[in-house]
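Novice: whatever this is, show me its structure:
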Amino acid sequence: MTFFKKSLLAVAALTCALTASAQSAYDEEAQELGYKPYPYNFIQLQGGIGETFTNAKFTDIVTPTVSLGIGRFFAPAIGARLHVNGWQSKGGFRSISDTYKYNYITGDIDLLLNLTNMFSKKSHHFLNVILVGGVGLNYAWHNNDMAAVLAKNPGENTNNAWGKGLDRDDLLGHNLRAGVLLDFNLAKHWNLGVEVDFNSLDDRFNSKYTNRDDWMMTAQLSLTYKFGLKNPPAAKPVIVTPVQTHTETEHVETTPVTPPTTTVIKEAKPLKEVVYYAINVSDPKDVAAVAEECARWAKENPAKKLVVTGYADKGTGTAVINQRISDARAKKMVDALKKAGVLDSQIEAQGLGDKVQPFTANDDNRCVIIEGK
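Specialist: Okay, here's the model as predicted:
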């Protein structure tokens, strides 16, 4: 096997390992958010300024520009979009301090590389740094303004590079793009960003020959609407029922006169059941066995109560979120107990959020504890 093939196999193996290790973190993150942050589709509106680098004063040739983009992020680090940009551009002559306007439109296919997600175990960040690279076509038209400038300045030895004379009114050429987008996550469906791109265009774009590509810079604000977001992966709670030591104490009183008479005093069997949950999960699926055991205990001890307490781990979420999820866990466990036949009068329930952590291990505190008292 050649060194090249070995290298390819090593890279592929490393990629698979990294993907597998990251998937679990992505799943937990999606459960906390309530949706998968990737993949998603998007529509993007942009507006800002453009600047063509030519022989003129920089501030004299700043022009407005707008863009529309439609695309998809296929994975946390890789996306693509169809992007249309255009409006107005300017050229000029420093020697006569005059400028001329023309219109343009550029269509590109862009590759989007999210550097933030490439170097992070998480896939959801407030700020994403995204590299942009694209290729496409540029069409420019309505260059009559240059003809008027040249007519006023016969001493300017320049011809319109769009054609042999001064009457050529359009130009079709290539466009190569490189840029960076700073994208801020405002909400589930909305992002706000700032994008700066440098576009390499046909030598004749600014109406002059220089024997090298012309350059145009655009700086734009962007508003992005994301759609097609998926629900988080289903996560069933892990049910762990500790082995209980049930004891029963009997006390027998007898008298020698009447040996057949026996009095038996029974103490209630202690009951403690623990149900563990995944992050952001409150639906007690697959707890029928726990509920049935609690129902049997309640029937055998009608004067006792089942105390249901919901908890959330302190290591994730906020105090408000954790209180809400612990309340939901307790409520749904109560529903399961009632379904198993436990009376309302025998149930007490509460959610303690993350204020109390019954276990040392952080993840174990995503739980409901049912005690018979």
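
Novice: where exactly do the strands run in this structure?
Specialist: 40-52, 62-73, 78-93, 98-114, 127-141, 170-185, 190-201, 214-227, 252-253, 263-264, 271-276, 306-310, 347-351, 367-372 (DSSP state E).

Novice: got TSV for the ones you listed, with distance to T360, mean pLDDT and mean neighbour count too?
Specialist: (Glycine included, C-beta is placed from N, CA and C.) As requested, the strands of the chain are exported to TSV (distance: least, C-beta to C-beta, whole Å; pLDDT from 0 to 100; neighbours: other C-beta atoms under 10 Å):
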stretch	distance to T360	mean pLDDT	mean neighbour count
strand 40-52	39	96	18
strand 62-73	39	97	17
strand 78-93	41	93	19
strand 98-114	37	94	19
strand 127-141	35	96	18
strand 170-185	34	95	17
strand 190-201	40	97	18
strand 214-227	40	96	18
strand 252-253	43	50	8
strand 263-264	41	50	8
strand 271-276	14	90	19
strand 306-310	17	94	23
strand 347-351	21	94	17
strand 367-372	13	93	21
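
Novice: ok, which of those strands comes nearest E28?
Specialist: Among those, strand 271-276 comes nearest to E28, with 14.6 Å by C-beta to C-beta.

Novice: so which of the strands of the chain gets nearest L33?
Specialist: Shortest distance between L33 and these, using C-beta to C-beta, is found for strand 170-185: 10.4 Å.

Novice: what strands flank that closest one, and is each parallel or antiparallel?
Specialist: Strand partners for strand 170-185, identified by DSSP bridges, are recorded as strand 127-141 (antiparallel), strand 190-201 (antiparallel).

Novice: touching, N114 and A77? I think so.
Specialist: Yes. Under the criterion of C-beta atoms under 8 Å, N114 makes contact with A77 at 4.8 Å.

Novice: distance to K272 for the strands paired with strand 170-185 - can I get that in JSON lines?
Specialist: JSON lines is the format used below for the strands paired with strand 170-185 (distance: least, C-beta to C-beta, whole Å):
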{"stretch": "strand 127-141", "distance to K272": "46"}
{"stretch": "strand 190-201", "distance to K272": "47"}
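
Novice: to A361, which of those lies closest?
Specialist: Comparing the strands paired with strand 170-185 by C-beta to C-beta, strand 127-141 comes nearest, at 32.5 Å.

Novice: mind exporting the C-alpha coordinates of the closest one to PDB?
Specialist: Extracted C-alpha coordinates of strand 127-141, given in PDB (Å, rounded to 0.1, in the frame of the first residue of the first chain):
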ATOM      1  CA  LEU A 127     -21.000  33.700  17.300                       C
ATOM      2  CA  ASN A 128     -20.000  31.700  14.300                       C
ATOM      3  CA  VAL A 129     -16.900  32.600  12.100                       C
ATOM      4  CA  ILE A 130     -17.700  31.400   8.600                       C
ATOM      5  CA  LEU A 131     -15.300  31.400   5.700                       C
ATOM      6  CA  VAL A 132     -16.900  32.100   2.300                       C
ATOM      7  CA  GLY A 133     -15.500  31.000  -1.100                       C
ATOM      8  CA  GLY A 134     -17.300  31.100  -4.400                       C
ATOM      9  CA  VAL A 135     -17.300  31.100  -8.100                       C
ATOM     10  CA  GLY A 136     -19.800  32.600 -10.600                       C
ATOM     11  CA  LEU A 137     -20.600  35.100 -13.300                       C
ATOM     12  CA  ASN A 138     -20.800  38.800 -13.400                       C
ATOM     13  CA  TYR A 139     -23.000  40.900 -15.800                       C
ATOM     14  CA  ALA A 140     -22.600  44.700 -16.000                       C
ATOM     15  CA  TRP A 141     -24.600  47.200 -18.100                       C
END
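
Novice: quick check: angle from it to strand 98-114?
Specialist: 140 degrees (axes from the mean of the first three to the mean of the last three C-alpha atoms, to 10 degrees).

Novice: not counting its neighbours along the chain, what's nearest I96?
Specialist: In space, and not counting its chain neighbours, I96 is closest to N153: 5.0 Å by C-beta to C-beta, 6 or more residues apart in numbering.

Novice: how about the contacts made by the closest residue to G69 other than its chain neighbours?
Specialist: With C-beta to C-beta, 6+ apart as the criterion, G69 has its nearest non-adjacent residue at 3.8 Å, and that residue is Q44. Remark: with contacts taken as C-beta atoms under 8 Å, 6 or more residues apart in numbering, Q44 is in contact with 67-71, 81, 222-225.

Novice: the same query, at a cut-off of 10 Å, please.
Specialist: 67-71, 81, 83, 181, 183, 191, 193, 195, 220, 222-226 (C-beta atoms under 10 Å, 6 or more residues apart in numbering).

Novice: now swap in W87 and tell me
Specialist: 47, 50, 63-67, 103-105.

Novice: turn these into CSV, columns for distance to A312.
Specialist: CSV is the format used below for the contacts of W87 (distance: C-beta to C-beta, whole Å):
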residue, distance to A312
G47, 44
G50, 51
T63, 55
P64, 51
T65, 49
V66, 47
S67, 44
N103, 59
Y104, 56
I105, 54
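
Novice: show the end-to-end separation of stretch 42-62, please.
Specialist: End-to-end distance of stretch 42-62 (C-alpha to C-alpha, to the nearest Å): 29 Å.

Novice: nope, stretch 363-373 is what I meant
Specialist: Using C-alpha to C-alpha, first and last residues of stretch 363-373 are 26 Å apart.

Novice: ok, now stretch 309-327?
Specialist: Here the two ends of stretch 309-327 are set 8 Å apart, with distance taken as C-alpha to C-alpha.

Novice: which one is V308 nearest to, not counting chain neighbours?
Specialist: Closest to V308 by C-beta to C-beta, 6+ apart is A349, at 4.3 Å.

Novice: this completes my enquiry, with thanks.
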